[in-house]
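**Student:** Sharing a model that was predicted from the sequence below.
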Amino acid sequence: MIFRVFAILFLALAFNAPVLGSPWVGTVDKQLHYDLQTLQEWGYLDATVLTFPVPWKGVADQILSLDEGKMQPMPRQAAQRLRYYLNLQKQERRRTFLELQASSDQPRLTSFDGISDVKASAKVTNEFYWGRLSGQLSVNYQSGGEKNLDNSFLAYQFGAWNIRAGSIDQWWGPGQSSSLILSNNTRPIPTVALSRSSAVASKSPWLSWLGPWYFTSQLGQLESDRAVPNTNLLLNRFTFSPFKRFEFGASWAAMWGGEGQPSSLGDFIDVITFKAVCTRNRDVCGDEDLTKQGNHLAGFDIKYSFDLFERPISVYAQRIGEDAVDGINITDQANLVGISTYFANAKVYIETSDTNIACAGNGSTITNCYYENGVYSSGYRFRGRVIGSTFDSDVKQITVGANIRFDGGAIAEIILRKAELNPDGTRPSPVLTSDVTEDVVQVSGFYQRPFGDWLLKAGGSIESRQFVTKDNEVDALLYFSATYAFD
(Lines give C-alpha, C1' and ligand atoms only; values in the text may rest on other atoms or scores of the structure.)
Protein backbone atom coordinates (compact mmCIF):
# COMPACT_ATOMS: atom_id res chain seq x y z
CA MET A 1 0.00 0.00 0.00
CA ILE A 2 2.79 2.44 0.96
CA PHE A 3 4.62 1.52 -2.24
CA ARG A 4 1.56 2.44 -4.31
CA VAL A 5 0.98 5.74 -2.52
CA PHE A 6 4.55 6.90 -3.04
CA ALA A 7 4.55 5.72 -6.65
CA ILE A 8 1.39 7.75 -7.40
CA LEU A 9 2.84 10.84 -5.74
CA PHE A 10 6.14 10.61 -7.61
CA LEU A 11 4.43 9.92 -10.92
CA ALA A 12 2.10 12.88 -10.51
CA LEU A 13 5.04 15.21 -9.97
CA ALA A 14 7.43 13.63 -12.45
CA PHE A 15 5.18 13.56 -15.48
CA ASN A 16 3.89 17.09 -14.94
CA ALA A 17 7.28 18.69 -14.34
CA PRO A 18 8.54 20.83 -17.23
CA VAL A 19 12.32 20.49 -16.85
CA LEU A 20 14.85 17.71 -16.32
CA GLY A 21 17.43 17.95 -13.60
CA SER A 22 19.03 16.17 -10.67
CA PRO A 23 20.70 18.25 -7.94
CA TRP A 24 23.53 15.70 -7.81
CA VAL A 25 26.05 14.30 -10.25
CA GLY A 26 25.82 10.59 -11.08
CA THR A 27 22.54 9.53 -9.52
CA VAL A 28 21.80 7.60 -12.73
CA ASP A 29 25.31 7.09 -14.17
CA LYS A 30 27.90 6.65 -11.39
CA GLN A 31 30.77 6.92 -13.89
CA LEU A 32 30.16 10.67 -13.84
CA HIS A 33 31.52 10.74 -10.29
CA TYR A 34 34.75 9.22 -11.58
CA ASP A 35 34.81 12.04 -14.14
CA LEU A 36 34.57 14.61 -11.34
CA GLN A 37 37.40 12.87 -9.48
CA THR A 38 39.52 12.94 -12.64
CA LEU A 39 39.07 16.70 -13.09
CA GLN A 40 39.78 17.35 -9.40
CA GLU A 41 42.90 15.15 -9.31
CA TRP A 42 44.32 16.77 -12.45
CA GLY A 43 43.74 20.20 -10.91
CA TYR A 44 41.02 21.38 -13.30
CA LEU A 45 38.22 21.39 -10.71
CA ASP A 46 38.32 23.24 -7.39
CA ALA A 47 35.75 21.33 -5.35
CA THR A 48 35.53 18.67 -2.67
CA VAL A 49 34.49 15.33 -4.19
CA LEU A 50 34.98 12.91 -1.27
CA THR A 51 31.21 12.56 -0.75
CA PHE A 52 29.06 10.87 -3.39
CA PRO A 53 26.89 12.20 -4.86
CA VAL A 54 28.35 15.70 -5.41
CA PRO A 55 25.94 18.59 -6.12
CA TRP A 56 25.92 20.01 -9.66
CA LYS A 57 25.66 23.54 -8.30
CA GLY A 58 29.04 25.28 -8.41
CA VAL A 59 30.94 22.55 -10.25
CA ALA A 60 28.77 23.03 -13.37
CA ASP A 61 30.11 26.56 -13.95
CA GLN A 62 33.70 25.36 -13.57
CA ILE A 63 33.14 22.49 -16.02
CA LEU A 64 31.61 24.77 -18.66
CA SER A 65 34.51 27.24 -18.38
CA LEU A 66 37.25 24.65 -19.04
CA ASP A 67 39.40 25.01 -22.16
CA GLU A 68 39.45 21.47 -23.56
CA GLY A 69 42.20 22.35 -26.04
CA LYS A 70 44.70 22.67 -23.18
CA MET A 71 43.71 19.48 -21.37
CA GLN A 72 45.24 16.01 -21.32
CA PRO A 73 43.16 13.21 -22.96
CA MET A 74 41.73 11.66 -19.74
CA PRO A 75 40.48 14.88 -18.13
CA ARG A 76 39.32 16.18 -21.52
CA GLN A 77 37.11 13.13 -22.01
CA ALA A 78 35.79 13.50 -18.44
CA ALA A 79 34.88 17.13 -19.14
CA GLN A 80 33.13 16.17 -22.37
CA ARG A 81 30.97 13.55 -20.65
CA LEU A 82 29.96 15.97 -17.88
CA ARG A 83 29.19 18.73 -20.41
CA TYR A 84 26.97 16.36 -22.34
CA TYR A 85 24.75 15.86 -19.30
CA LEU A 86 24.75 19.59 -18.56
CA ASN A 87 23.63 20.33 -22.12
CA LEU A 88 20.70 17.94 -21.71
CA GLN A 89 19.53 19.98 -18.77
CA LYS A 90 19.84 23.24 -20.71
CA GLN A 91 17.71 21.77 -23.51
CA GLU A 92 15.00 21.05 -20.93
CA ARG A 93 14.67 17.50 -22.22
CA ARG A 94 12.90 15.07 -19.96
CA ARG A 95 14.95 11.93 -19.40
CA THR A 96 13.39 8.61 -18.55
CA PHE A 97 15.49 5.46 -18.30
CA LEU A 98 14.66 1.76 -18.51
CA GLU A 99 17.29 -0.55 -17.07
CA LEU A 100 17.21 -4.35 -17.41
CA GLN A 101 19.70 -6.53 -15.56
CA ALA A 102 20.35 -10.27 -15.29
CA SER A 103 23.12 -12.23 -13.62
CA SER A 104 23.98 -15.88 -13.14
CA ASP A 105 24.20 -15.48 -9.35
CA GLN A 106 24.04 -12.91 -6.57
CA PRO A 107 27.32 -11.04 -6.00
CA ARG A 108 29.01 -11.29 -2.59
CA LEU A 109 31.51 -8.44 -2.98
CA THR A 110 30.18 -5.22 -4.44
CA SER A 111 31.87 -2.21 -6.03
CA PHE A 112 31.03 1.46 -6.58
CA ASP A 113 29.51 0.90 -10.02
CA GLY A 114 28.71 -2.80 -9.85
CA ILE A 115 25.43 -4.67 -10.11
CA SER A 116 22.63 -5.00 -7.56
CA ASP A 117 22.50 -7.98 -5.22
CA VAL A 118 19.64 -9.73 -7.06
CA LYS A 119 19.75 -12.11 -10.01
CA ALA A 120 17.31 -10.21 -12.21
CA SER A 121 15.70 -6.79 -12.11
CA ALA A 122 13.94 -4.14 -14.16
CA LYS A 123 13.99 -0.46 -13.26
CA VAL A 124 12.25 2.60 -14.68
CA THR A 125 13.78 5.94 -13.64
CA ASN A 126 12.48 9.43 -14.31
CA GLU A 127 14.37 12.59 -13.36
CA PHE A 128 12.58 15.91 -13.06
CA TYR A 129 13.07 19.48 -11.93
CA TRP A 130 10.37 22.02 -11.20
CA GLY A 131 11.69 25.35 -9.97
CA ARG A 132 13.31 24.71 -6.59
CA LEU A 133 11.72 21.24 -6.39
CA SER A 134 13.48 18.31 -8.01
CA GLY A 135 13.31 14.58 -7.78
CA GLN A 136 13.93 11.16 -9.15
CA LEU A 137 11.49 8.28 -9.34
CA SER A 138 12.94 4.78 -9.65
CA VAL A 139 10.47 1.92 -9.72
CA ASN A 140 12.31 -1.37 -9.23
CA TYR A 141 10.97 -4.84 -10.01
CA GLN A 142 13.17 -7.70 -8.79
CA SER A 143 13.24 -11.44 -9.20
CA GLY A 144 11.02 -13.08 -6.64
CA GLY A 145 8.30 -10.47 -7.09
CA GLU A 146 9.72 -7.79 -4.81
CA LYS A 147 9.08 -4.14 -5.71
CA ASN A 148 10.70 -1.05 -4.18
CA LEU A 149 11.45 2.62 -4.78
CA ASP A 150 15.19 2.51 -4.10
CA ASN A 151 17.02 5.58 -5.45
CA SER A 152 13.85 7.68 -5.48
CA PHE A 153 13.81 11.09 -3.81
CA LEU A 154 12.23 14.51 -3.62
CA ALA A 155 14.47 17.51 -2.94
CA TYR A 156 13.87 21.20 -2.35
CA GLN A 157 16.56 23.87 -2.57
CA PHE A 158 16.42 27.00 -0.46
CA GLY A 159 19.37 29.37 -0.64
CA ALA A 160 22.61 27.50 -0.09
CA TRP A 161 20.87 24.41 1.33
CA ASN A 162 18.93 21.43 0.10
CA ILE A 163 16.45 19.22 1.94
CA ARG A 164 15.85 15.73 0.58
CA ALA A 165 13.50 12.88 1.45
CA GLY A 166 14.01 9.45 -0.05
CA SER A 167 16.84 7.02 -0.68
CA ILE A 168 19.91 7.32 -2.90
CA ASP A 169 23.18 5.42 -3.18
CA GLN A 170 25.93 7.13 -1.21
CA TRP A 171 29.67 6.69 -0.77
CA TRP A 172 31.65 8.56 1.89
CA GLY A 173 35.43 8.74 1.63
CA PRO A 174 38.31 8.47 -0.85
CA GLY A 175 38.29 4.67 -1.18
CA GLN A 176 37.95 3.25 -4.67
CA SER A 177 37.03 -0.30 -3.64
CA SER A 178 35.16 0.35 -0.40
CA SER A 179 34.28 2.80 2.37
CA LEU A 180 34.50 1.97 6.05
CA ILE A 181 31.47 4.03 7.11
CA LEU A 182 28.98 4.43 4.22
CA SER A 183 28.97 2.78 0.79
CA ASN A 184 26.47 1.28 -1.65
CA ASN A 185 27.24 -2.23 -0.39
CA THR A 186 23.64 -2.40 0.82
CA ARG A 187 20.39 -1.04 -0.54
CA PRO A 188 20.06 2.74 -0.05
CA ILE A 189 18.63 3.71 3.33
CA PRO A 190 15.51 5.95 3.36
CA THR A 191 16.46 9.24 5.04
CA VAL A 192 15.51 12.87 5.43
CA ALA A 193 18.64 14.91 4.68
CA LEU A 194 19.70 18.52 5.09
CA SER A 195 22.74 19.22 2.90
CA ARG A 196 24.69 22.10 1.46
CA SER A 197 23.60 22.61 -2.15
CA SER A 198 27.17 22.96 -3.48
CA ALA A 199 30.64 21.56 -2.82
CA VAL A 200 32.65 24.63 -3.88
CA ALA A 201 34.01 27.57 -1.89
CA SER A 202 31.57 29.84 -0.08
CA LYS A 203 31.33 33.52 -1.00
CA SER A 204 30.88 34.39 2.66
CA PRO A 205 34.02 36.03 4.17
CA TRP A 206 33.35 34.05 7.33
CA LEU A 207 33.63 30.70 5.53
CA SER A 208 35.86 31.38 2.52
CA TRP A 209 38.95 30.26 4.48
CA LEU A 210 37.57 26.71 4.35
CA GLY A 211 37.93 26.61 0.57
CA PRO A 212 35.42 24.27 -1.09
CA TRP A 213 33.28 22.55 1.55
CA TYR A 214 30.26 20.32 1.91
CA PHE A 215 28.04 19.21 4.78
CA THR A 216 25.16 16.78 5.08
CA SER A 217 23.10 15.60 8.06
CA GLN A 218 20.62 12.76 7.60
CA LEU A 219 18.13 10.89 9.74
CA GLY A 220 16.82 7.52 8.62
CA GLN A 221 15.30 4.31 9.87
CA LEU A 222 16.49 0.74 9.33
CA GLU A 223 14.25 -2.23 8.49
CA SER A 224 11.79 -3.92 10.83
CA ASP A 225 13.21 -7.44 10.36
CA ARG A 226 16.23 -7.11 12.68
CA ALA A 227 17.11 -7.70 16.34
CA VAL A 228 15.95 -4.17 17.26
CA PRO A 229 13.21 -3.39 14.73
CA ASN A 230 13.06 0.08 13.18
CA THR A 231 16.39 1.27 14.59
CA ASN A 232 17.03 4.96 13.87
CA LEU A 233 20.21 5.96 12.06
CA LEU A 234 21.82 9.41 12.21
CA LEU A 235 24.42 10.19 9.53
CA ASN A 236 26.64 13.30 9.41
CA ARG A 237 29.52 14.29 7.15
CA PHE A 238 31.66 17.39 6.63
CA THR A 239 34.39 17.81 4.01
CA PHE A 240 36.55 20.76 3.04
CA SER A 241 39.53 21.59 0.84
CA PRO A 242 41.63 24.41 2.37
CA PHE A 243 43.99 24.32 -0.60
CA LYS A 244 43.66 22.90 -4.07
CA ARG A 245 43.88 19.11 -4.53
CA PHE A 246 43.84 18.47 -0.77
CA GLU A 247 40.66 17.22 0.91
CA PHE A 248 39.73 16.36 4.48
CA GLY A 249 36.51 14.68 5.59
CA ALA A 250 34.91 13.84 8.94
CA SER A 251 32.05 11.34 9.34
CA TRP A 252 29.80 10.31 12.20
CA ALA A 253 27.05 7.67 12.29
CA ALA A 254 24.88 6.78 15.27
CA MET A 255 22.33 4.00 15.71
CA TRP A 256 19.74 4.73 18.39
CA GLY A 257 16.16 4.06 19.42
CA GLY A 258 14.10 1.36 17.79
CA GLU A 259 11.60 -1.05 19.29
CA GLY A 260 12.27 -1.54 23.00
CA GLN A 261 15.01 1.11 23.14
CA PRO A 262 14.87 4.74 24.36
CA SER A 263 13.48 6.79 21.45
CA SER A 264 12.25 10.12 22.85
CA LEU A 265 13.46 13.58 21.88
CA GLY A 266 15.43 13.65 25.10
CA ASP A 267 17.10 10.37 24.17
CA PHE A 268 18.00 11.82 20.77
CA ILE A 269 19.60 14.81 22.52
CA ASP A 270 21.54 12.38 24.71
CA VAL A 271 22.82 10.70 21.54
CA ILE A 272 24.02 13.90 19.83
CA THR A 273 25.53 15.28 23.06
CA PHE A 274 27.35 11.98 23.74
CA LYS A 275 25.83 11.58 27.18
CA ALA A 276 27.52 8.83 29.17
CA VAL A 277 25.35 5.98 30.42
CA CYS A 278 26.16 3.00 32.62
CA THR A 279 26.18 -0.42 30.98
CA ARG A 280 25.29 -2.26 34.21
CA ASN A 281 22.26 -0.25 35.46
CA ARG A 282 24.00 0.71 38.70
CA ASP A 283 23.56 3.84 40.82
CA VAL A 284 27.35 4.12 41.06
CA CYS A 285 29.20 3.40 37.82
CA GLY A 286 32.95 3.16 37.30
CA ASP A 287 34.75 4.57 34.30
CA GLU A 288 35.14 1.07 32.85
CA ASP A 289 31.33 0.67 32.76
CA LEU A 290 30.60 3.97 30.97
CA THR A 291 29.46 4.07 27.38
CA LYS A 292 27.53 6.41 25.10
CA GLN A 293 23.81 6.35 24.35
CA GLY A 294 23.39 4.44 21.05
CA ASN A 295 26.00 2.82 18.83
CA HIS A 296 28.47 5.30 17.32
CA LEU A 297 30.98 5.11 14.47
CA ALA A 298 33.10 8.13 13.62
CA GLY A 299 36.36 9.08 12.01
CA PHE A 300 38.11 10.99 9.28
CA ASP A 301 39.54 10.62 5.80
CA ILE A 302 42.14 12.54 3.87
CA LYS A 303 43.32 12.77 0.28
CA TYR A 304 46.11 14.68 -1.46
CA SER A 305 46.96 14.78 -5.16
CA PHE A 306 50.25 15.98 -6.63
CA ASP A 307 52.04 15.74 -9.98
CA LEU A 308 54.92 13.39 -10.70
CA PHE A 309 56.22 12.76 -14.20
CA GLU A 310 53.43 14.97 -15.58
CA ARG A 311 50.62 12.89 -14.12
CA PRO A 312 48.69 13.15 -10.85
CA ILE A 313 49.32 10.78 -7.97
CA SER A 314 46.73 10.66 -5.19
CA VAL A 315 47.42 9.27 -1.73
CA TYR A 316 44.52 8.77 0.64
CA ALA A 317 43.47 7.20 3.92
CA GLN A 318 40.36 6.62 6.03
CA ARG A 319 40.16 5.81 9.74
CA ILE A 320 36.84 4.95 11.35
CA GLY A 321 36.45 4.06 15.03
CA GLU A 322 33.70 2.39 17.02
CA ASP A 323 33.23 2.13 20.80
CA ALA A 324 35.19 3.79 23.60
CA VAL A 325 36.73 2.03 26.60
CA ASP A 326 35.94 4.89 29.01
CA GLY A 327 33.30 6.74 27.03
CA ILE A 328 35.97 8.99 25.49
CA ASN A 329 38.96 7.09 24.07
CA ILE A 330 37.94 5.29 20.87
CA THR A 331 39.28 1.74 20.81
CA ASP A 332 38.00 -0.19 17.78
CA GLN A 333 39.60 1.62 14.83
CA ALA A 334 39.78 0.29 11.29
CA ASN A 335 41.95 1.73 8.55
CA LEU A 336 41.90 2.03 4.78
CA VAL A 337 44.84 3.40 2.76
CA GLY A 338 45.44 3.66 -0.96
CA ILE A 339 47.28 5.32 -3.84
CA SER A 340 46.14 6.00 -7.40
CA THR A 341 47.55 7.47 -10.61
CA TYR A 342 46.98 7.55 -14.36
CA PHE A 343 48.60 5.67 -17.23
CA ALA A 344 47.52 6.51 -20.78
CA ASN A 345 43.72 6.24 -20.75
CA ALA A 346 43.45 4.40 -17.42
CA LYS A 347 43.21 5.30 -13.77
CA VAL A 348 44.85 2.63 -11.61
CA TYR A 349 44.90 2.20 -7.86
CA ILE A 350 46.03 -0.09 -5.08
CA GLU A 351 44.15 -0.10 -1.79
CA THR A 352 44.09 -2.06 1.43
CA SER A 353 41.84 -2.12 4.47
CA ASP A 354 41.62 -4.05 7.73
CA THR A 355 38.47 -4.53 9.80
CA ASN A 356 39.97 -7.49 11.71
CA ILE A 357 40.79 -5.31 14.71
CA ALA A 358 41.21 -5.93 18.43
CA CYS A 359 38.37 -4.88 20.72
CA ALA A 360 38.38 -2.72 23.86
CA GLY A 361 42.02 -1.60 23.67
CA ASN A 362 44.51 -2.22 26.52
CA GLY A 363 46.40 -4.77 24.43
CA SER A 364 43.37 -6.96 23.85
CA THR A 365 43.64 -9.54 21.06
CA ILE A 366 39.90 -10.30 20.96
CA THR A 367 38.29 -9.52 17.60
CA ASN A 368 34.73 -9.99 16.22
CA CYS A 369 33.59 -6.55 17.35
CA TYR A 370 33.79 -4.18 14.38
CA TYR A 371 30.34 -3.30 13.00
CA GLU A 372 28.89 -5.29 15.95
CA ASN A 373 27.06 -4.08 19.07
CA GLY A 374 25.67 -5.73 22.20
CA VAL A 375 22.32 -3.92 22.07
CA TYR A 376 21.94 -3.68 18.29
CA SER A 377 22.99 -7.26 17.65
CA SER A 378 22.15 -7.15 13.93
CA GLY A 379 25.14 -4.84 13.74
CA TYR A 380 25.83 -1.83 11.55
CA ARG A 381 23.89 -3.45 8.73
CA PHE A 382 20.82 -2.85 6.60
CA ARG A 383 18.90 -5.80 5.19
CA GLY A 384 21.73 -8.17 6.04
CA ARG A 385 24.60 -6.25 4.45
CA VAL A 386 27.06 -3.89 6.14
CA ILE A 387 26.41 -0.18 5.60
CA GLY A 388 30.19 0.36 5.40
CA SER A 389 32.82 -1.96 3.92
CA THR A 390 31.77 -4.46 1.26
CA PHE A 391 34.07 -6.95 3.01
CA ASP A 392 32.15 -6.66 6.33
CA SER A 393 33.95 -7.25 9.65
CA ASP A 394 37.12 -9.20 10.50
CA VAL A 395 38.65 -8.94 7.02
CA LYS A 396 42.09 -8.02 5.78
CA GLN A 397 42.09 -7.25 2.07
CA ILE A 398 44.12 -5.71 -0.72
CA THR A 399 42.66 -4.53 -4.03
CA VAL A 400 44.27 -3.50 -7.31
CA GLY A 401 42.00 -1.91 -9.88
CA ALA A 402 41.90 0.00 -13.15
CA ASN A 403 39.18 2.14 -14.76
CA ILE A 404 39.87 2.46 -18.50
CA ARG A 405 38.29 5.01 -20.85
CA PHE A 406 38.04 4.65 -24.63
CA ASP A 407 37.05 6.95 -27.47
CA GLY A 408 33.34 6.94 -28.15
CA GLY A 409 32.38 6.74 -24.47
CA ALA A 410 33.24 3.08 -23.80
CA ILE A 411 34.49 2.20 -20.32
CA ALA A 412 36.15 -0.92 -18.92
CA GLU A 413 37.00 -1.81 -15.36
CA ILE A 414 39.06 -4.63 -13.92
CA ILE A 415 39.59 -5.38 -10.23
CA LEU A 416 41.81 -7.93 -8.47
CA ARG A 417 41.04 -8.61 -4.81
CA LYS A 418 42.71 -10.80 -2.20
CA ALA A 419 40.98 -11.10 1.16
CA GLU A 420 41.26 -13.07 4.39
CA LEU A 421 37.69 -13.45 5.65
CA ASN A 422 37.22 -14.03 9.38
CA PRO A 423 40.62 -15.66 10.03
CA ASP A 424 39.80 -16.64 13.65
CA GLY A 425 36.78 -18.67 12.53
CA THR A 426 34.36 -17.30 15.16
CA ARG A 427 31.19 -15.21 14.75
CA PRO A 428 31.24 -15.32 10.94
CA SER A 429 29.96 -12.34 8.98
CA PRO A 430 27.23 -12.48 6.29
CA VAL A 431 29.93 -12.34 3.58
CA LEU A 432 30.85 -15.94 4.44
CA THR A 433 28.45 -18.30 2.68
CA SER A 434 30.19 -21.71 2.79
CA ASP A 435 32.50 -21.88 5.84
CA VAL A 436 33.41 -19.97 9.02
CA THR A 437 36.65 -18.72 7.50
CA GLU A 438 37.85 -18.26 3.94
CA ASP A 439 40.73 -16.95 1.83
CA VAL A 440 39.49 -15.58 -1.47
CA VAL A 441 41.12 -14.23 -4.61
CA GLN A 442 38.67 -12.56 -6.96
CA VAL A 443 39.06 -11.08 -10.42
CA SER A 444 36.10 -9.02 -11.63
CA GLY A 445 35.38 -6.47 -14.29
CA PHE A 446 32.99 -5.07 -16.88
CA TYR A 447 32.86 -3.39 -20.26
CA GLN A 448 30.18 -0.85 -21.12
CA ARG A 449 29.52 1.07 -24.30
CA PRO A 450 26.79 3.40 -25.57
CA PHE A 451 24.91 2.41 -28.73
CA GLY A 452 22.60 5.25 -29.70
CA ASP A 453 20.07 5.57 -26.88
CA TRP A 454 21.27 2.32 -25.31
CA LEU A 455 24.01 1.80 -22.74
CA LEU A 456 25.08 -1.84 -22.70
CA LYS A 457 27.19 -3.36 -19.96
CA ALA A 458 28.59 -6.87 -19.60
CA GLY A 459 30.76 -8.15 -16.79
CA GLY A 460 31.54 -10.91 -14.39
CA SER A 461 33.85 -12.30 -11.76
CA ILE A 462 35.75 -15.45 -10.91
CA GLU A 463 36.75 -16.43 -7.38
CA SER A 464 39.25 -18.90 -6.01
CA ARG A 465 37.97 -19.82 -2.53
CA GLN A 466 40.07 -21.70 0.05
CA PHE A 467 38.37 -23.20 3.11
CA VAL A 468 39.40 -24.93 6.32
CA THR A 469 36.67 -27.52 6.85
CA LYS A 470 35.69 -28.34 3.24
CA ASP A 471 37.13 -28.63 -0.25
CA ASN A 472 38.23 -25.50 -2.06
CA GLU A 473 36.00 -24.04 -4.78
CA VAL A 474 36.15 -21.86 -7.87
CA ASP A 475 33.02 -19.78 -8.47
CA ALA A 476 32.11 -17.65 -11.47
CA LEU A 477 29.45 -15.04 -12.12
CA LEU A 478 28.34 -13.37 -15.36
CA TYR A 479 25.96 -10.45 -15.74
CA PHE A 480 24.51 -8.18 -18.38
CA SER A 481 22.61 -4.92 -18.15
CA ALA A 482 20.99 -2.69 -20.76
CA THR A 483 19.79 0.86 -20.14
CA TYR A 484 17.60 2.73 -22.62
CA ALA A 485 17.22 6.52 -22.45
CA PHE A 486 13.86 7.81 -23.69
CA ASP A 487 13.78 11.25 -25.31
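**Tutor:** The structure has been received and is ready for your questions.
**Student:** any idea where the strands of the stretch 51-200 of the chain begin and end?
**Tutor:** 51-52, 95-103, 120-130, 133-142, 147-148, 153-158, 161-166, 171-172, 191-196 (DSSP state E, counting those that start in this stretch).
**Student:** so what's Phe268 closest to, chain neighbours aside?
**Tutor:** Trp256 (6.9 Å; C-beta to C-beta, 6 or more residues apart in numbering). C-beta here means a position set from N, CA and C on the backbone, and glycine is covered the same way.
**Student:** hang on, isn't the one you found packed against Asn232?
**Tutor:** Yes: using C-beta atoms under 8 Å, Trp256 is in contact with Asn232, at 5.3 Å.
**Student:** which ones are touching Val49?
**Tutor:** Going by C-beta atoms under 8 Å, 6 or more residues apart in numbering, Val49 touches His33, Leu36, Gln37, Gln40, Ala199, Glu247.
**Student:** Wasn't the second one part of a strand?
**Tutor:** Going back to what we said before, that points to Leu36. No: with DSSP: H, G, I helix; E, B strand; the rest coil as the criterion, Leu36 is assigned helix and is not in a strand.
**Student:** Would you agree it is in contact with Val54?
**Tutor:** Yes: between Leu36 and Val54 a contact is recorded at 5.7 Å, counting by C-beta under 8 Å.
**Student:** Pick out whichever of those two has more residues nearby.
**Tutor:** Val54 (27 against 22; other C-beta atoms under 10 Å).
**Student:** so who does the more buried one touch?
**Tutor:** Trp24, Val25, Gly26, His33, Leu36, Ala47, Thr48, Ala199, Tyr214.
**Student:** Roughly how far does it sit from Glu223?
**Tutor:** 28 Å (C-beta to C-beta, to the nearest Å).
**Student:** Likewise for Gln80?
**Tutor:** 41 Å.
**Student:** Check Leu50 too.
**Tutor:** As judged by C-beta to C-beta, Leu50 and Glu223 stand 28 Å apart.
**Student:** who's more crowded, these two?
**Tutor:** Leu50 (28 against 16).
**Student:** ok, the more buried one touching Phe300?
**Tutor:** No: proximity of Leu50 to Phe300 does not meet the contact threshold set by C-beta under 8 Å, at 10.6 Å.
**Student:** any common contacting residues for these two?
**Tutor:** In terms of C-beta under 8 Å, 6+ apart, Leu50 and Phe300 are both contacted by the residues Gly249.
**Student:** residue ranges of the strands in the stretch 201-350 of the chain, please?
**Tutor:** In the stretch 201-350 of the chain, the strands defined using DSSP E, counting those that start in this stretch lie at 213-221, 232-240, 246-256, 276-278, 290-292, 295-308, 311-324, 330-343, 346-354.
**Student:** Now the fifth one: average pLDDT?
**Tutor:** Strand 290-292 shows an average pLDDT of 70 in the prediction.
**Student:** Kindly report the same for the first one.
**Tutor:** The average of the pLDDT scores along strand 213-221 is 98.
**Student:** got any ranges where the stretch 101-250 of the chain has weak pLDDT?
**Tutor:** Nowhere does the stretch 101-250 of the chain drop to pLDDT under 70.
**Student:** how much space between Ala317 and Thr51?
**Tutor:** Taken as C-beta to C-beta, the span from Ala317 to Thr51 is 16 Å.
**Student:** cool, Cys278 as well?
**Tutor:** 36 Å.
**Student:** and those two? which has more neighbours close in?
**Tutor:** More crowded of Cys278 and Thr51, by other C-beta under 10 Å: Thr51, with 24 against 14.
**Student:** Just give the closest residue to the residue nearest in space to the middle of the chain, not the sequence neighbours.
**Tutor:** The centroid of the chain falls nearest to Trp171 when counting by C-alpha atoms, centre = their mean (2.0 Å). Residue nearest to Trp171 in three dimensions, not counting chain neighbours: Phe52, with 4.0 Å by C-beta to C-beta, 6+ apart.
**Student:** Would you map the helices across the chain?
**Tutor:** 2-14, 31-41, 59-64, 73-90, 265-272 (DSSP state H).
**Student:** List the buried residues of the shortest one.
**Tutor:** Which is helix 59-64. Within helix 59-64, the residues scored as buried using 16 or more other C-beta atoms under 10 Å are Val59, Ala60, Gln62, Ile63.
**Student:** Turn those into a markdown table, including distance to Asn184 and pLDDT.
**Tutor:** Listed next are the buried residues of helix 59-64 as a markdown table, based on distance: C-beta to C-beta, whole Å; pLDDT from 0 to 100:
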| residue | distance to Asn184 | pLDDT |
| --- | --- | --- |
| Val59 | 21 | 96 |
| Ala60 | 24 | 95 |
| Gln62 | 26 | 97 |
| Ile63 | 24 | 97 |
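**Student:** Let me know the closest of those residues to Asn373.
**Tutor:** Val59 (37.5 Å; C-beta to C-beta).
**Student:** so who does that closest one touch?
**Tutor:** Counting by C-beta under 8 Å, 6+ apart, Val59 has contacts Val25, Leu36, Leu45, Ala47, Ser198, Ala199, Val200.
**Student:** same thing but at 7 Å, please
**Tutor:** Leu36, Leu45, Ala47, Ala199, Val200 (C-beta atoms under 7 Å, 6 or more residues apart in numbering).
**Student:** Show me what Asp439 is bridged to.
**Tutor:** Beta bridges link Asp439 to Glu420, Gln466, judged by DSSP bridges.
**Student:** residues making contact with stretch 451-465?
**Tutor:** With contacts defined as C-beta under 7 Å, 6+ apart, stretch 451-465 is touched by 438, 440-449, 472-485.
**Student:** again but with stretch 411-418, I slipped
**Tutor:** In contact with stretch 411-418 (C-beta under 7 Å, 6+ apart) are residues 31, 109, 111, 177, 397-405, 441-448.
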